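Student: when you get a sec, could you give me coordinates for this:
(one chain, ligands or ions: 1)
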Amino acid sequence: MKLCMIGTGYVGLVSGVCFSDLGNDVICVDKDIKKINNLKKGIIPIYEPGLEELVLKNYKNKRLNFSSNLKESVEKSDIVFICVGTPTKKNSNRADLSQVYAVAKEISKSVKKFKIIINKSTVPVTTGDELEKIISKKVNKKFFSVVSNPEFLREGEAIRDFIYPDRVVVGSNDSRSQKILKSLYSPLISKGAKFVSTKRRAAELIKYASNAFLATKITFINEIANLCEKTGIDIEDISIGIGLDKRIGSRFLRAGPAYGGSCFPKDTKALVSTADKFKTNLSVIKSVIRSNHLRSDLLSKRLSLILKNKIKNKVVSFLGVTFKANTDDMRDSSSLKLIPFLSRKGAKIKYYDPTGLKKEFKKLKNVEFSNSIHETIKGSDIIIIHTEWNDFKSINFKKYSKNKKPIIYDMRNIYSPNKIKKLGFKYFGIGR
Ligand code: UGA
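Tutor: From the prediction side, this is the model:
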């Protein structure tokens, strides 16, 4: 099929490249000409394992193309995906839909034969109705159908999540589009993905409800971890003990720092705000947002306690600063609160991240980037493991800390507390 992805951000680029790998002709469109020229040269704007190889392969075999000409690209395509950002509006919790609406207006100028217009951006329920209204100002309703097809890709795992999804959700009010979409996704369905066909509004809400539920699950286990710390229980036992109940499920039950990233914080807020608009009180999600917001303060307090309130001049090494492993994304990472806190208290912070130096810390006092794990942890009073990159999973602490034995604060519970203690180090984890 001939597809056009509008927006070469995370969702548009990964989905476009994967669709082309499944044998479709795909044009990825962006108004950022520099980005498009770079993509043509194989320069990828985001860090995502496996993406570069797939871009090069499919661009070379001409199933994948890049363009900044929206009109021409839409005209050439049967299916048009809207994949632009829906950030939180300034001074509000609502999603800013201006980019989605602007793209819909542009598309409406180029529809001359029947096209399926799919929204893949994360949008509040009823946005599809608005898109239909905008496009029908220029195009007869016979010539287009607006569909909601949310994505469930995780950063760092996006390609695998695209190829092996648990489910594909398609929300459409017309059966013709449902059929075409089912056929587009048939290579994934034949590998075991469930195809969930719903009304358009339901698909929009499935996306928000999924993210809000996962955020709730994480927040739940993080709060139980707080109780474990007070009662001498290891949260890992609790996660296993409850996760094996199939009604609960073991995934997304890893206690850690506050959840971050570009989706959970933004989408939980937008869902509450949509519910407010429909006069519905989502009290559970409201408390999840609040609990997660307070979590970084809680971790700062625990850090102070671990250091016996003597933070000034302590050498702190921070391993991993992004919101999770396998991404270079800093959005809503709890390191953005923890590192400034340590800096304000007079600590000397060295940090290392496999994705390199971060501009976010450039102006902070006594915060420097080190080029390797070794350089970072050398001479430290405390080592904070903030994300769970494989690189951090088998550090030979003994070799690196010959003269001084640093405290290890393992915020992802990567290491066995007993093994680390046997080596003579003080160990703290989350909820253990
Ligand atoms: C999330 C969803 O998992 C995807 O399904 C969704 O498509 C995406 O948002 C989106 O809406 O675009 P992502 O933000 O990439 O994906 O990251 P996750 O892997 O879900 O992690 C989010 C946060 O939760 C991270 O801070 C992570 O460290 C934390 N987390 C995750 C935990 O603390 N514990 C867990 O068990 C799992």
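Student: wait, Phe152 touches Tyr208, no?
Tutor: No. In this structure, Phe152 is not within contact of Tyr208 by C-beta atoms under 8 Å, at 11.8 Å. The way it works is simple: take the backbone N, C-alpha and C, and place the C-beta from them, glycine included.
Student: so those two - more neighbours on which side?
Tutor: In terms of neighbours (other C-beta atoms under 10 Å), Tyr208 is the more surrounded of Phe152 and Tyr208; the figures are 23 against 17.
Student: quick check: closest non-adjacent residue to that one.
Tutor: Leu271 (4.3 Å; C-beta to C-beta, 6 or more residues apart in numbering).
Student: the one you found: which element?
Tutor: Under the criterion of DSSP states H and E, Leu271 resides in helix 264-277.
Student: before we move on, what about Asp129?
Tutor: In the assignment (DSSP H and E), Asp129 maps to helix 127-136.
Student: in three-state terms, label Tyr351 for me.
Tutor: Following DSSP: H, G, I helix; E, B strand; the rest coil, the label given to Tyr351 is strand.
Student: next, the closest residue to it other than its chain neighbours: phi, psi?
Tutor: Of all residues beyond its chain neighbours, the one nearest Tyr351 is Phe318 (3.9 Å), with distances taken as C-beta to C-beta, 6+ apart. For Phe318, the backbone dihedrals are phi -120, psi 120 (criterion: degrees, to the nearest 10).
Student: list the contacts of Phe318.
Tutor: The contact partners of Phe318, by C-beta atoms under 8 Å, 6 or more residues apart in numbering, come to Ser335, Leu338, Ile339, Ile349, Lys350, Tyr351, Tyr352, Thr376, Ile384, His386.
Student: got the domain boundaries for this protein?
Tutor: 2-150, 296-428 (automatic domain parsing).
Student: ok, which of those comes nearest the ligand?
Tutor: Smallest distance to the ligand across the domains of the chain (C-beta to the nearest ligand atom): 3.6 Å, for domain 296-428.
Student: would that closest one count as contacting the ligand?
Tutor: Yes. Using C-beta under 6 Å from any ligand atom, domain 296-428 reaches the ligand at Phe323, Lys324.
Student: quote the end-to-end distance of that domain.
Tutor: Terminal residues of domain 296-428 are spaced 16 Å apart (C-alpha to C-alpha, to the nearest Å).
Student: just stretch 151-159 next, same as before
Tutor: Stretch 151-159 has an end-to-end distance of 12 Å (C-alpha to C-alpha).
Student: buried stuff in that stretch?
Tutor: Across stretch 151-159, burial judged by 16 or more other C-beta atoms under 10 Å covers Glu151, Phe152, Leu153, Glu155, Gly156, Ala158, Ile159.
Student: the spatially closest residue to Gly249 that is not a sequence neighbour and the ligand, how far apart?
Tutor: Spatial nearest neighbour of Gly249, excluding adjacent residues (C-beta to C-beta, 6+ apart): Gly243 at 6.2 Å. Distance from Gly243 to the ligand, counting by C-beta to the nearest ligand atom, to the nearest Å: 10 Å.
Student: related to what we said a few turns ago, beta partners for the residue nearest to Tyr351?
Tutor: For Phe318, the beta-bridge partners are Tyr351, Ile384 (DSSP bridges).
Student: mind checking how far it is from Ser343?
Tutor: According to C-beta to C-beta, to the nearest Å, Phe318 and Ser343 sit 11 Å apart.
Student: got a list of what Lys266 touches?
Tutor: Thr86, Pro87, Thr88, Ala95, Thr122.
Student: reformat these as a markdown table; add distance to Ser183.
Tutor: Shown next, in a markdown table, are these (distance: C-beta to C-beta, whole Å):
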| residue | distance to Ser183 |
| --- | --- |
| Thr86 | 28 |
| Pro87 | 33 |
| Thr88 | 36 |
| Ala95 | 31 |
| Thr122 | 25 |
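Student: the buried residues of stretch 151-159 in strands, which ones?
Tutor: Among the buried residues of stretch 151-159, DSSP state E puts none in strands.
Student: which members of these additionally contact the ligand?
Tutor: By C-beta under 6 Å from any ligand atom, the members of these lying near the ligand are Glu151, Phe152, Leu153, Glu155.
Student: can you redo these as a markdown table with pLDDT?
Tutor: Converted to a markdown table, these look like this (pLDDT from 0 to 100):
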| residue | pLDDT |
| --- | --- |
| Glu151 | 97 |
| Phe152 | 97 |
| Leu153 | 97 |
| Glu155 | 95 |
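Student: which of these fall within helices?
Tutor: Residues from these lying in helices, with DSSP state H as the criterion: none.
Student: just the pLDDT at Ser317, thanks.
Tutor: For Ser317, the model assigns a pLDDT of 97.
Student: go on, Ser401?
Tutor: Among the per-residue scores, Ser401 shows a pLDDT of 69.
Student: any buried residues in stretch 6-25, and which?
Tutor: Neighbour-count burial for stretch 6-25 flags 6-22, 24-25 (criterion: 16+ other C-beta under 10 Å).
Student: mind listing the helices for the stretch 201-350 of the chain?
Tutor: For the stretch 201-350 of the chain, the helices defined by DSSP state H, counting those that start in this stretch cover 235-243, 264-277, 283-306, 335-344.
Student: mind checking which of these is nearest Leu188?
Tutor: Closest to Leu188 of the helices of the stretch 201-350 of the chain, according to C-beta to C-beta: helix 264-277, at 23.4 Å.
Student: that closest one vs helix 127-136, what angle?
Tutor: Calculated by axes from the mean of the first three to the mean of the last three C-alpha atoms, to 10 degrees, helix 264-277 forms an angle of 80 degrees with helix 127-136.
Student: CA atoms only: put helix 264-277 into PDB for me.
Tutor: In PDB, the C-alpha atoms belonging to helix 264-277 read as follows (Å, rounded to 0.1, in the frame of the first residue of the first chain):
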ATOM      1  CA  PHE A 264       3.100   9.000  31.000                       C
ATOM      2  CA  PRO A 265       3.400  12.400  32.700                       C
ATOM      3  CA  LYS A 266       1.800  14.200  29.800                       C
ATOM      4  CA  ASP A 267      -0.900  11.700  29.000                       C
ATOM      5  CA  THR A 268      -2.100  11.200  32.600                       C
ATOM      6  CA  LYS A 269      -2.600  15.000  32.900                       C
ATOM      7  CA  ALA A 270      -4.400  15.200  29.600                       C
ATOM      8  CA  LEU A 271      -6.700  12.400  30.500                       C
ATOM      9  CA  VAL A 272      -7.700  14.100  33.800                       C
ATOM     10  CA  SER A 273      -8.200  17.300  31.900                       C
ATOM     11  CA  THR A 274     -10.400  15.600  29.300                       C
ATOM     12  CA  ALA A 275     -12.500  13.900  32.100                       C
ATOM     13  CA  ASP A 276     -12.900  17.300  33.800                       C
ATOM     14  CA  LYS A 277     -14.300  18.600  30.500                       C
END
